[in-house]
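Participant: Sequence plus the predicted model coming up.
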Amino acid sequence: MRTFIDSQLLIGLLNPKDVFHDKAREIVKSKNVFLLEAVKKEVRGSFLRKYNQACIKILKIVNKIRLSDLKTPEEILEFAEKELEKLIRSDEKLENFYRFVFDLIKDKITDKNKLIEIPTFLDDYGVELTTSISKLGKVVIVNIDEQKLKTRNEIYRIIQDVDFKQFRDLEIFCEAVAHALEEEAELLIGDKEFYEKALIALDKLKQHGYDPKLKIEYIKP
């Protein structure tokens with residue numbers, strides 16, 4: 001059976017500071033995880049946006065250190081950690097990303113003369129994403145062929161009045177169903193609202209004669 005994961009779980013897999021990280025790691029180690037095209041697209045945009053925002057803010061802390069009179073590694077690290085906590089209090093939604101980026105450079109910031117380079121993530125559409133997640137477990141990226149694309153569009157037409165919070169959630173659901181019409185699958189969802197809408201959409205499809213072999217499960221952090 002194929003296991004599909006939603007964007008919430010994939011971001012959790014990529015970000016060690018995310019509340020879903022441990023759960024996502026367990027899933028990839030124990031199941032045959034397949035990454036949907038729609039999930040790949042959403043995560044590339046969402047992860048990169050948050051990651052880049054965090055990088056900009058963390059580099060501002062680094063610049064403060066460069067311009068300061070701080071001398072010892074202990075002084076520098078204490079200052080940096082206090083600045084990090086202030087940053088998190090000002091924008092709690094990005095806390096996991098701030099901590100993630102900070103940990104990437106923590107060992108380098110105590111040397112004021114050392115060049116700080118923050119790694120880029122997922123900057124190539126397919127290669128970097130594949131490389132990043134392949135280090136974390138068994139994940140296969142699946143593409144949607146012409147026939148499944150046609151099926152996905154038919155599914156969308158039937159359930160388009162289901163009020164998904166985001167259009168990308170609708171795309172993920174339709175793509176998962178298109179695959180599940182050919183092979184048994186499960187869709188693991190970390191977003192409760194997405195999970196509830198997916199159940200409604202699945203029921204509606206069955207009312208229209210579709211019977212995808214798809215199990216939908218809500219995953220708590």
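Facilitator: Nice, I can see it.
Participant: What residue in this protein is the furthest from its centre?
Facilitator: Using Cα atoms, centre = their mean, the residue of the chain lying farthest from its centre is Asp69. It sits 39.0 Å away.
Participant: what's the helix or strand for that residue?
Facilitator: Taking DSSP states H and E as the definition, one finds Asp69 inside no helix or strand.
Participant: residues in contact with the closest residue to Lys213 other than its chain neighbours?
Facilitator: Among residues not flanking Lys213 along the chain, Glu184 sits closest, at 4.1 Å (Cβ to Cβ, 6 or more residues apart in numbering). All C-beta atoms are positioned from the backbone trio N, CA, C, and that covers glycine. By Cβ atoms under 8 Å, 6 or more residues apart in numbering, the contact set of Glu184 is 1-2, 213-214.
Participant: run the last query once more with 10 Å
Facilitator: By Cβ atoms under 10 Å, 6 or more residues apart in numbering, Glu184 lies in contact with 1-2, 212-215.
Participant: Beyond the helix or strand Glu186 falls within, next helix or strand please.
Facilitator: Per DSSP H and E: Glu186 is located in strand 185-189. Per DSSP H and E, the first helix or strand lying C-terminal to strand 185-189 is helix 192-207.
Participant: hang on, the earlier thing: need the contact partners of the strand holding Glu186.
Facilitator: Residues outside strand 185-189 that contact it (Cβ under 10 Å, 6+ apart): 1-9, 23-24, 27, 31-34, 36, 169, 172-173, 175-177, 179-180, 194-199, 202, 212-219.
Participant: what does stretch 91-103 give?
Facilitator: Contacts with stretch 91-103, where a contact means Cβ under 10 Å, 6+ apart, come from 11-12, 14-21, 47, 49-59, 61, 80-81, 83-85, 87-90, 106, 109, 118-119, 121.
Participant: Could you pick out the buried ones from those?
Facilitator: 11-12, 14-15, 18, 20-21, 47, 50-51, 53-55, 57-58, 61, 80, 83-84, 87-88, 109, 118, 121 (16 or more other Cβ atoms under 10 Å).
Participant: In helices, which of these fall?
Facilitator: 11-12, 14, 21, 47, 50-51, 53-55, 57-58, 61, 80, 83-84, 87-88 (DSSP state H).
Participant: Show me where the chain has its strands.
Facilitator: 2-5, 33-35, 139-141, 185-189, 214-218 (DSSP state E).
Participant: Let me have those in CSV, extended by distance to Asp163 and mean neighbour count.
Facilitator: Formatted as CSV, those follow (distance: least, Cβ to Cβ, whole Å; neighbours: other Cβ atoms under 10 Å):
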stretch, distance to Asp163, mean neighbour count
strand 2-5, 22, 24
strand 33-35, 26, 20
strand 139-141, 29, 17
strand 185-189, 16, 22
strand 214-218, 17, 16
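Participant: Many thanks, have a good one.
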